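**Q** below are the sequence and a predicted model; questions follow.
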Amino acid sequence: MTSILSGFGFGLSLIVAIGAQNAHVLRQGITRTHVGAVVAVCAVSDVLLIAAGVAGFGAVVRSVPEVLVVARWAGAVFLCGYAALALRRAWSPAALVPAADPPGEVADDAVPVPVGAVSSSANGRDSTPRGAARFAHPARGRTAPALGATIATTLALTWLNPHVYLDTVVLLGSFASAHAGADRWYLAAGAMTASVLWFLALGYGARLLRPLFARPGAWRVLDAAIALVMLALGAGLLLG
């Protein structure tokens with residue numbers, strides 16, 4: 001139990017931070033777009049990386065630094081591209097707003113839409129009361145990307161980030177090496193549990209912030225913040 005709790009605390013200390021992956025999960029959770037798939041990809045990826053670290057692959061990563069060099073450059077390019085998309089959304093959030101459902105129809109997996117972004121009533125006027133949040137079904141609009149594209153983005157944000165290998169494979173692996181025998185895998189189980197619970201809480205708990213995003217300005221702030229995080233991380237990778 002001590003090893004499990006130690007791994008749980010250490011795992012949380014590594015994953016609970018502002019980063020590209022967490023920012024992506026947060027936005028998907030707020031828009032309620034393919035949340036289950038995004039959470040599953042992040043959680044399974046972390047479980048595999050933690051297992052690799054505890055199994056001793058950290059030594060392999062340290063002995064082949066070229067792996068991290070490739071990941072660093074590929075990750076930097078991807079993060080800068082993602083930041084550009086976030087800046088585009090911040091500049092013109094209406095460009096990514098879907099068409100609305102018929103009046104009075106709100107699907108279970110609806111996405112909150114900023115007021116005034118689209119007009120969809122029969123007479124060309126927005127039928128939504130001023131100040132209220134609008135909703136649209138992801139499958140009927142242009143905001144929600146395809147499931148495959150969302151999964152690909154999540155995989156890239158996870159596996160093209162060299163910090164992921166340094167944290168989960170090298171650092172956690174080194175921490176686990178101080179534990180003998182089965183205790184190493186109890187520690188790994190604790191870290192895996194922390195990762196799964198964190199992504200579940202972040203992805204599905206983000207919907208509690210939905211009332212804050214009834215206004216376009218809130219989406220501008222969110223996407224601008226995401227863009228700054230991505231640019232900062234990308235610049236950090238480029239500078240080594």
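**A** Received it, and whenever you're ready, just let me know what you need.

**Q** give me the pLDDT for Trp73.
**A** Trp73 is assigned 81 on the pLDDT scale.

**Q** host element of it?
**A** Assessed by DSSP states H and E, Trp73 sits inside helix 66-91.

**Q** do Leu228 as well
**A** With DSSP H and E as the criterion, Leu228 is inside helix 216-238.

**Q** can you list contacts of that helix?
**A** 18-20, 23-24, 27, 30, 72-73, 75-77, 79-80, 82-84, 86-87, 89-90, 93-94, 114-117, 161-162, 212-213 (C-beta atoms under 8 Å, 6 or more residues apart in numbering). The C-beta positions use only the backbone N, C-alpha and C, and glycine is treated the same way.

**Q** and the helix holding Trp73 with helix 216-238, angle?
**A** 160 degrees (axes from the mean of the first three to the mean of the last three C-alpha atoms, to 10 degrees).

**Q** all strands of this structure, in order?
**A** Under the criterion DSSP state E, the chain contains strands at 111-113, 134-136.

**Q** mean pLDDT lowest where, among these?
**A** Among the strands of the chain, strand 134-136 has the lowest mean pLDDT, at a mean of 43.

**Q** circling back to that earlier point, how far does the helix holding Trp73 sit from its chain's centre?
**A** 14 Å (C-alpha atoms, centre = their mean, to the nearest Å).

**Q** which elements pack onto it?
**A** Applying 3 or more C-beta pairs under 8 Å, 6 or more residues apart in numbering; DSSP states H and E, one finds that helix 66-91 makes contact with helix 147-159, helix 162-164, helix 216-238.

**Q** these: which one's closest to Ala51?
**A** Comparing those by their distance to Ala51 (C-beta to C-beta), the top pick is helix 162-164, with 13.5 Å.
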